[in-house]
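Novice: sequence below, structure please.
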Amino acid sequence: MITVSTSKSYHHGDLRAALVEAGLKALEVQDIGEMSLRQLARDVGVSPTAVYRHFPDKDALMSALAEAGIAQMAEWQKQAAQNTEGSDAFAATGRAYVRWALANPSLFRLVFGKSNEVGRTVFGENDAARMLRSYAENFTGNEMGAQRFMLQAWAVVHGLAMLMLDGQLPRDEALIDQVIDAKTLFRA
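Specialist: Predicted coordinates:
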């Protein structure tokens with residue numbers, strides 16, 4: 001007797017990356033709490049037990065998704081600052097932060113709301129953190145002032161993003177530009 005399998009077979013070669021990609025796609029349309037490892041396994045065509053070879057539990061997958069999210073946000077910030085310099089570039093990265101949050105609400109909430117370690121966010125060793133640190137040091141001229149400035153800058157852009165995500169302020173492009181303006185924000 002000949003049997004033919006009709007199940008979707010996984011042959012990508014990098015299951016971990018495929019699961020992270022599937023998780024990022026899932027967060028585009030659902031909240032963090034709705035995500036299931038079983039569904040991600042189905043999405044990439046593997047058994048649920050295969051997921052556990054790369055992620056011992058859902059928290060491990062969430063950490064990987066948060067790491068991918070912070071890298072994605074840093075890319076948005078780099079692109080926003082690409083054709084500017086100085087305080088204008090710094091403000092552009094802040095506006096990109098808010099716009100990325102609005103475009104990726106579930107991923108944003110995962111990165112900044114569910115992460116167990118602040119070091120995985122804008123104070124860690126990732127591109128977004130290095131960018132923030134560099135701008136803060138250039139703006140203040142010293143490490144002590146840079147730390148304070150980093151907190152102030154993050155509080156402003158994060159607060160604006162949260163107010164918009166929670167419906168306390170309208171999702172308004174002009175408002176983002178008005179609030180995160182290099183000429184009026186953080187005058188020395």
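Novice: list the buried residues in the helix or strand bottoming out on mean pLDDT in the chain.
Specialist: Lowest mean confidence among the helices and strands of the chain (mean pLDDT, DSSP states H and E): helix 127-140, at a mean of 85. For helix 127-140, burial by neighbour count (16 or more other Cβ atoms under 10 Å) applies to 128-129, 131-133, 135-137, 139-140. C-betas here are computed from N, CA, C, even on glycine.
Novice: the helix or strand just after it packs against which elements?
Specialist: Sequence-wise, the next helix or strand downstream of helix 127-140 (DSSP states H and E) is helix 143-165. Using 3 or more Cβ pairs under 8 Å, 6 or more residues apart in numbering; DSSP states H and E, the elements in contact with helix 143-165 are helix 86-103, helix 105-109, helix 127-140, helix 173-179.
Novice: what lies in contact with the last one?
Specialist: Right, helix 173-179. Defining contact as Cβ atoms under 8 Å, 6 or more residues apart in numbering, one finds that helix 173-179 is touched by 95, 98-99, 156, 160, 169, 185.
Novice: highest neighbour count among those?
Specialist: Val98 (27 neighbours; other Cβ atoms under 10 Å).
Novice: in contact with the closest residue to it other than its chain neighbours, which residues?
Specialist: Nearest residue to Val98 in three dimensions, chain neighbours excluded: Ala161, at 4.7 Å (Cβ to Cβ, 6 or more residues apart in numbering). By Cβ under 8 Å, 6+ apart, Ala161 lies in contact with 97-98, 101-102, 108.
Novice: since that was my last question, I'll sign off now.
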